[in-house]
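K.L.:
the sequence isn't on hand, but the structure is:
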């Protein structure tokens, strides 16, 4: 696969990921890397991310997601590929 092709992933992060700055840090990292999409807290205590980037950038972003910010404790991460939607910006959804 060409590393410059855009990929789309829906990422579900479980563990201690709310109340630890996960969303704000995810946005910061996404903005630095050039990832497009959004991040949102879910009512069950998990976080969901929709992300689009080149395959190479996505791998870097997913590595960050597996750990999150320092206080976070990620217990599980599920990545589901999807169709590219050509998203713009990276938003924190409420």
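P.N.:
The structure has been received and is ready for your questions. Predicted, not measured: the structure shown is a model, and the values here were computed from it.

K.L.:
tally of neighbours for the closest residue to residue 46 other than its chain neighbours?
P.N.:
The shortest distance from residue 46 to any residue other than its chain neighbours is 4.6 Å, reached at residue 14 (CB to CB, 6 or more residues apart in numbering). (Glycine included, C-beta is placed from N, CA and C.) For residue 14, the neighbour count with other CB atoms under 10 Å is 16.

K.L.:
which strands or helices does whichever strand or helix holds residue 14 pack on?
P.N.:
Assigned by DSSP states H and E, residue 14 falls within strand 6-16. Contacts defined by 3 or more CB pairs under 8 Å, 6 or more residues apart in numbering; DSSP states H and E place strand 6-16 against strand 47-54, helix 55-67, strand 73-82.

K.L.:
what's in contact with the helix or strand following the last one?
P.N.:
Spelled out, that is strand 73-82. Per DSSP H and E, the first helix or strand lying C-terminal to strand 73-82 is strand 90-93. Here strand 90-93 makes contact (CB atoms under 8 Å, 6 or more residues apart in numbering) with 23, 24, 27, 30, 31, 35, 36, 37, 38, 39, 40, 51.

K.L.:
narrow those to those that are buried.
P.N.:
23, 27, 30, 35, 36, 37, 38, 39, 51 (16 or more other CB atoms under 10 Å).

K.L.:
once you drop chain neighbours, what's closest to the fifth one?
P.N.:
Among residues not flanking residue 36 along the chain, residue 87 sits closest, at 4.0 Å (CB to CB, 6+ apart).

K.L.:
enumerate every residue touching the one you found.
P.N.:
Neighbours of residue 87 in contact, by CB under 8 Å, 6+ apart: 36, 37, 38, 50, 52.

K.L.:
I'd like to know how far it sits from residue 7.
P.N.:
Distance of residue 87 to residue 7, computed by CB to CB, to the nearest Å: 12 Å.

K.L.:
tell me how far the ends of stretch 31-43 are from each other?
P.N.:
25 Å (CA to CA, to the nearest Å).
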